[in-house]
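> need coordinates for the below:
(one chain, ligands or ions: 1)
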Amino acid sequence: MDFTLSEEQLMIQKAARDFAQNELLPGVIERDDAQKFPAEQVKKMSELGFMGMMVDPKYGGSGLDTISYALVMEELSKVDASASVIVSVNNSLVCWGLETFGSEAQKEKYLTRLSTGQCIGAFCLSEPEAGSDATSQKTTAADHGDHYIVNGTKNWITNGNSAEIYLVIAQTDISKGHKGINALIVEKGMPGFEIGPKENKLGIRGSDTHSLIFNDVKVPKENRIGEDGFGFKFAMKTLAGGRIGIAAQALGIAAGAYELAKKYSKERKAFGTEISNHQAIAFKLADMHTQIEAARHMVYKAAWDKDQGNNYDLSSAMAKLYASQVAMDTTIEAVQIHGGNGFVKDYHVERMMRDAKITQIYEGTSEIQKIVISRSILRE
Ligand code: COS
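Residues are numbered from 1 along each chain as shown. Alright, predicted model coming up:
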């Protein structure tokens, strides 16, 4: 067993760390406050190859492994989880889904644009009445021979307005249940496709989350990903990898808040000494550090499983379940260690606490991860 990162992985980790400090940190509080999409930062991340990290270079990607992707997600998320979710959705849901299951023509038409950051993508599964219960899709894609007619509404879509390419899950034949669901590539600007209002969120406020409305949108059949009826499996397989990205995001949020809390505890004095000298604070730091390290091992293990070609449904679900809990617990404690300053925006940790919550909700709630985990272990 070798826990050493390769030279290349260390280099990518450093590039992401430097980028986060130099380009994401300035203005992160203001972007959160104003719900401002980090457009300039996304452009720079494209130049660094962060938008198509695991994509084959022949489609404009960086050709990196999943561990490198997790390292980048961790470093970006230490500073700005709004920026990192944009990266995560584009990489592990949109690019990976298209590269793995798309046709050659689809890859040529869409993947290169997405992996080079010429445009970004969105993954559209959730609906007003189908979040966790993902087979209950109400959005329809009626088969009209050489095209589908799509009708319905999608909710809470990350990159909702900033995207140009949308992977939309919709029901074609309700009598076939989940086997009647398709995944379609929909382009912004297709007649009948409207972007709904932007959500005013608790956290990750810099990312743009919208509902999407489809009114008789005509989508050519060549835009269907995989065979007829493959849409639900496409969503499940893609989300399994997406969960590694979100687990790495949760890990990064936790590690970022911990680093700030540790630094603060060595500066802030109370009762005549730095508060890190009080066991009440030192023990909190010990717990945070231990839990973060455990989460890190789980995240890297899930990424490693994916890189080795192992099944990663279980390891990604466990990594997301655990890392998101650690993100929540650690950020709450980081606010506590900061005391009154923790409640003030300038010290960052209150934002991290708000950002952490979504990691227990999107790409499968913690309760959904427990369904995936329990079914997997009981099948053994
Ligand atoms: N890979 C491949 N296939 C999978 C799969 C996976 N990871 N998970 C499920 N499937 C397949 C099953 O094998 C089954 O196919 P068959 O009938 O051919 O065997 C099919 O998908 C339906 O699976 P299942 O019967 O387990 O469906 P359920 O309705 O019980 O739901 C859960 C399964 C709960 C795991 C699923 O609905 C889920 O992940 N929901 C959360 C979705 C989500 O993450 N939403 C957030 C939106 S994105 S922000």
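> would you mark the buried spots in the helix or strand harbouring residue 287?
Using DSSP states H and E, residue 287 maps to helix 279-308. The neighbour-count check on helix 279-308 (16 or more other Cβ atoms under 10 Å) flags 281, 284-285, 288, 291-292, 295-296, 298-307 as buried. C-beta here means a position set from N, CA and C on the backbone, and glycine is covered the same way.
> now for it, which elements pack on it?
If contacts are counted by 3 or more Cβ pairs under 8 Å, 6 or more residues apart in numbering; DSSP states H and E, helix 279-308 sits against helix 66-79, helix 231-267, helix 313-338.
> quick one: is the second one near the ligand?
Yes. Looking at helix 231-267 against the ligand by Cβ under 6 Å from any ligand atom, the contacts come from 232, 233, 236, 237, 239, 240.
> any idea of the mean pLDDT in that helix?
The average of the pLDDT scores along helix 231-267 is 98.
> just the first one next, same as before
Over the span of helix 66-79, the pLDDT mean works out to 98.
> go on, stretch 193-204?
When pLDDT is averaged over stretch 193-204, the result is 97.
> around the ligand, pick out the residues from the stretch 201-350 of the chain.
By Cβ under 6 Å from any ligand atom, the residues of the stretch 201-350 of the chain that approach the ligand are 232, 233, 236, 237, 239, 240, 313.
> run the last query once more with 8 Å
232, 233, 235, 236, 237, 239, 240, 242, 313 (Cβ under 8 Å from any ligand atom).
> can I get those residues in JSON lines with distance to residue 29?
What follows is these, written out as JSON lines (distance: Cβ to Cβ, whole Å):
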{"residue": "232", "distance to residue 29": "40"}
{"residue": "233", "distance to residue 29": "41"}
{"residue": "235", "distance to residue 29": "35"}
{"residue": "236", "distance to residue 29": "37"}
{"residue": "237", "distance to residue 29": "37"}
{"residue": "239", "distance to residue 29": "31"}
{"residue": "240", "distance to residue 29": "34"}
{"residue": "242", "distance to residue 29": "28"}
{"residue": "313", "distance to residue 29": "38"}
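> of all these, which comes closest to residue 340?
residue 242 (37.5 Å; Cβ to Cβ).
> that closest one contacts residue 95, doesn't it?
No. Counting by Cβ atoms under 8 Å, residue 242 stays clear of residue 95, with 11.1 Å between them.
> quick one, phi/psi of residue 5?
phi -80, psi 150 (degrees, to the nearest 10).
> please name the nearest non-neighbouring residue to it.
residue 13 (7.0 Å; Cβ to Cβ, 6 or more residues apart in numbering).
> quick one: contacts for the one you found?
Taking Cβ atoms under 8 Å, 6 or more residues apart in numbering, we find residue 13 in contact with 5, 68, 71, 72, 75.
> who wins for neighbours among the residues you listed?
Within the contacts of residue 13, neighbour counts (other Cβ atoms under 10 Å) peak at residue 72, which reaches 32 neighbours.
> among the residues of helix 231-267 next to the ligand, which ones are buried?
232, 233, 236, 237, 239, 240.
> check residue 103 and give its pLDDT.
Predicted confidence (pLDDT) for residue 103: 98.
> repeat for residue 131
At residue 131, pLDDT is 85.
> and the residue of the stretch 1-150 of the chain closest to the ligand?
Proximity of the stretch 1-150 of the chain to the ligand (Cβ to the nearest ligand atom) peaks at residue 134, 3.9 Å away.
> near that residue, how many other residues are there?
So residue 134, with other Cβ under 10 Å, has 19 neighbours.
> wait, what's in contact with it?
125, 126, 169, 232, 235, 236.
> recalculate using a threshold of 6 Å.
The contact partners of residue 134, by Cβ atoms under 6 Å, 6 or more residues apart in numbering, come to residue 125.
> distance of it from residue 289?
36 Å (Cβ to Cβ, to the nearest Å).
> show me which residues of the stretch 51-200 of the chain are close to the ligand?
With Cβ under 8 Å from any ligand atom as the criterion, the stretch 51-200 of the chain comes near the ligand at residues 93, 123, 125-126, 131-135, 156, 158, 178-179.
> ok, residue 276 - contacts?
So residue 276 contacts 265, 266, 282 (Cβ under 6 Å, 6+ apart).
> hang on, residue 150 is in a helix, isn't it?
No. Counting by DSSP: H, G, I helix; E, B strand; the rest coil, residue 150 is not part of a helix but strand.
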